[in-house]
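Chemist: From the sequence below, what's the structure:
(2 chains)
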Number of protein chains: 2
Amino acid sequence: MEFFELAHRQRAYRFLEPDPVPEELIEQILDVATKAPSAQNTQPWEFIVVQDPAVRGRLADHTRHLWESFARDYSRPDVDTYQWSHTDEWASGAFARAPVVIVVCGDTRAMDAALLGSSIFPAVQNILLAALALGLGSLMSTLPIVSAREAREILDLPEHLLPMATVPIGRPSRRLGPPRRIPFADKTHRDRHGVPWREG
Amino acid sequence: MEFFELAHRQRAYRFLEPDPVPEELIEQILDVATKAPSAQNTQPWEFIVVQDPAVRGRLADHTRHLWESFARDYSRPDVDTYQWSHTDEWASGAFARAPVVIVVCGDTRAMDAALLGSSIFPAVQNILLAALALGLGSLMSTLPIVSAREAREILDLPEHLLPMATVPIGRPSRRLGPPRRIPFADKTHRDRHGVPWREG
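Modeler: Okay, here's the model as predicted:
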């Protein structure tokens, strides 16, 4: 699918069917993830592709625990009530149904952990767009890895790898419409902050 | 262009022609940037589109100063010599030729600054892919905004906006070939770190 059409259809697919994703599709997704840019072409990403039901179950249990123990209270239902109710359902159980979870890690030997974001999240966006282009649903969540220590234990991660995002992938339970967004012109300034992009 | 073909051709275009970019193309790029995902759909991005030669000049001068005063020594020519020599040329002067620089900021009122990356860099990746799809060259650099205080002064940014990336855009001075990357299978583990994705 053409890039603009694809990107205009991107949504967080939280509800996925449990049937496996063919590994050749997973490989297409990972391959295009590595084409994303990174600072000095350091490519500081490592991917853990979790399909084993025991490991997925531990990630899902841990996520439910994080959600119920603090993240539900910390999150902001005021921002987007529709989105929040789906996150609640996802973190409380639906996550466990996703047949594949890609955990994207950043290598702190390549650069300071605080600088990794600009070299990791473009690759995550490629994963999300690639899944959609292949007819799959996906979403990015940082909740399952918000406690790096426990995620490291579940995934046997060495100390130099920082888990930064999880991307559950699978066949969508239902199709979603286009995303709802504030128009770009309301977020855009001309040359300096405070000068609107368009007059009046 | 189809997403996979496009994403497999993404490169950092550091050398751009100075002729202006039509504003309808800038608008298409910004529009698709806002379709990227963000935590709880908070959409914490703000864009400063710099075309004014005086403001671009101050950004470029500041960037050259940062490069020469510390970043050149801090950077790692050992990682990618080809890439490094182009960065050197870019930061020392070529940056000033880009007709448009989009500065992407994150709103720290939406979430803690340390959490903004997962909600900002996917939008930056959309900007980079969109520019390429429109026949333009672009790159992401965090160097011009590595000192938030001085970038804030140049762009009149309020305290709640954190500049997180700059994206110069323009007509490429020359076409680049496909990106050089480590194969994904060398970066991928099965279920747990240390178990290779493919046997043998």
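Chemist: give me every residue that touches the residue most central in space within chain A.
Modeler: For chain A, the residue sitting closest to the mean C-alpha position, by C-alpha atoms, centre = their mean, is A:Met140 at 1.5 Å. A:Met140 makes contact with A:12, A:124, A:128, A:165-167, B:37, B:118, B:122 under the criterion C-beta atoms under 8 Å, 6 or more residues apart in numbering or on different chains. C-betas here are computed from N, CA, C, even on glycine.
Chemist: Same question for A:Ile120.
Modeler: A:38, A:44-45, A:104, A:106, A:164-165, B:117, B:121.
Chemist: Let me know the secondary structure of it.
Modeler: Three-state call for A:Ile120 (DSSP: H, G, I helix; E, B strand; the rest coil): helix.
Chemist: Checking the nearest residue to A:Glu46 once chain neighbours are set aside next. Helix, strand or coil?
Modeler: Using C-beta to C-beta, 6 or more residues apart in numbering or on different chains and skipping residues adjacent in sequence, the residue nearest A:Glu46 is A:Cys105, 4.6 Å away. Assigned with three-state DSSP, A:Cys105 falls in the strand class.
Chemist: From A:Leu129, how far out is A:Cys105?
Modeler: Distance, A:Cys105 to A:Leu129, by C-beta to C-beta, to the nearest Å: 20 Å.
Chemist: So is the longest strand belonging to chain A next to chain B?
Modeler: For chain A, the longest strand by residue count, based on DSSP state E, is strand A:161-172. Yes: applying C-beta under 8 Å from any C-beta of the partner chain, one finds strand A:161-172 touching chain B at A:161, A:164-165.
Chemist: and the residue in chain A that chain B sits nearest to, what does it touch?
Modeler: In chain A, the residue that lies nearest chain B is A:Gly117 (2.7 Å; C-beta to the nearest C-beta). When contacts are counted by C-beta under 8 Å, 6+ apart, A:Gly117 touches A:164, B:116-118, B:120-121.
Chemist: Kindly reformat the residues you listed as JSON lines containing distance to B:Glu17 and pLDDT.
Modeler: Conversion of these to JSON lines gives the following (distance: C-beta to C-beta, whole Å; pLDDT from 0 to 100):
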{"residue": "A:Met164", "distance to B:Glu17": "36", "pLDDT": "98"}
{"residue": "B:Leu116", "distance to B:Glu17": "33", "pLDDT": "98"}
{"residue": "B:Gly117", "distance to B:Glu17": "31", "pLDDT": "98"}
{"residue": "B:Ser118", "distance to B:Glu17": "34", "pLDDT": "98"}
{"residue": "B:Ile120", "distance to B:Glu17": "28", "pLDDT": "98"}
{"residue": "B:Phe121", "distance to B:Glu17": "27", "pLDDT": "98"}
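Chemist: Kindly reformat these as JSON lines containing distance to A:Asp80.
Modeler: Below are the contacts of A:Gly117 laid out as JSON lines (distance: C-beta to C-beta, whole Å):
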{"residue": "A:Met164", "distance to A:Asp80": "23"}
{"residue": "B:Leu116", "distance to A:Asp80": "17"}
{"residue": "B:Gly117", "distance to A:Asp80": "20"}
{"residue": "B:Ser118", "distance to A:Asp80": "16"}
{"residue": "B:Ile120", "distance to A:Asp80": "18"}
{"residue": "B:Phe121", "distance to A:Asp80": "21"}
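Chemist: of those, closest to A:Val195?
Modeler: B:Ile120 (21.5 Å; C-beta to C-beta).
Chemist: any idea how far the closest residue to A:Leu176 other than its chain neighbours lies from A:Pro44?
Modeler: In this structure, A:Leu176 finds its nearest non-sequential neighbour in A:Arg11, 4.3 Å apart by C-beta to C-beta, 6+ apart. A:Arg11 sits 28 Å away from A:Pro44, going by C-beta to C-beta.
Chemist: Which of the two has more residues huddled nearby?
Modeler: Neighbours per residue, other C-beta atoms under 10 Å in any protein chain shown: of A:Arg11 and A:Pro44, the larger number sits with A:Pro44, 23 against 20.
Chemist: What number of residues are in the vicinity of the nearest residue to the more buried one once chain neighbours are set aside?
Modeler: Distances taken as C-beta to C-beta, 6+ apart place A:Ala110 nearest to A:Pro44, at 3.8 Å, with adjacent residues excluded. Counted with other C-beta under 10 Å, residues neighbouring A:Ala110 total 19.
Chemist: how far out from the middle of the chain is the helix or strand of chain A with the lowest mean pLDDT?
Modeler: Every helix and strand in chain A was compared by mean pLDDT, DSSP states H and E; the lowest is helix A:72-74, with a mean of 86. Averaged C-alpha coordinates place helix A:72-74 at 19 Å from its chain's average position (C-alpha atoms, centre = their mean, to the nearest Å).
Chemist: Same check on stretch A:2-22?
Modeler: 12 Å.
Chemist: Quick one: end-to-end distance for that stretch.
Modeler: End-to-end distance for stretch A:2-22, by C-alpha to C-alpha, to the nearest Å: 23 Å.
Chemist: How about it, which residues are buried there?
Modeler: Within stretch A:2-22, the residues that count as buried by 16 or more other C-beta atoms under 10 Å in any protein chain shown are A:3-4, A:6-7, A:9-16, A:21.
Chemist: Report the mean confidence score over it.
Modeler: The average pLDDT within stretch A:2-22 is 97.
Chemist: picking up where we left off before, contacting residues for the residue nearest to A:Pro44?
Modeler: Counting by C-beta under 8 Å, 6+ apart, A:Ala110 touches A:42-44, A:116, A:119.
Chemist: which sections of chain A are below the confidence cut-off?
Modeler: Scanning chain A for pLDDT under 70 picks out A:200.
Chemist: Show me the strands in it, by range?
Modeler: Going by DSSP E, chain A shows strands at A:16-17, A:45-50, A:100-107, A:137-138, A:161-172, A:188-190.
Chemist: Kindly tell me how buried A:Ala54 is, as a neighbour count.
Modeler: 8.
Chemist: ok, now A:Arg180?
Modeler: With other C-beta under 10 Å as criterion, A:Arg180 counts 11.
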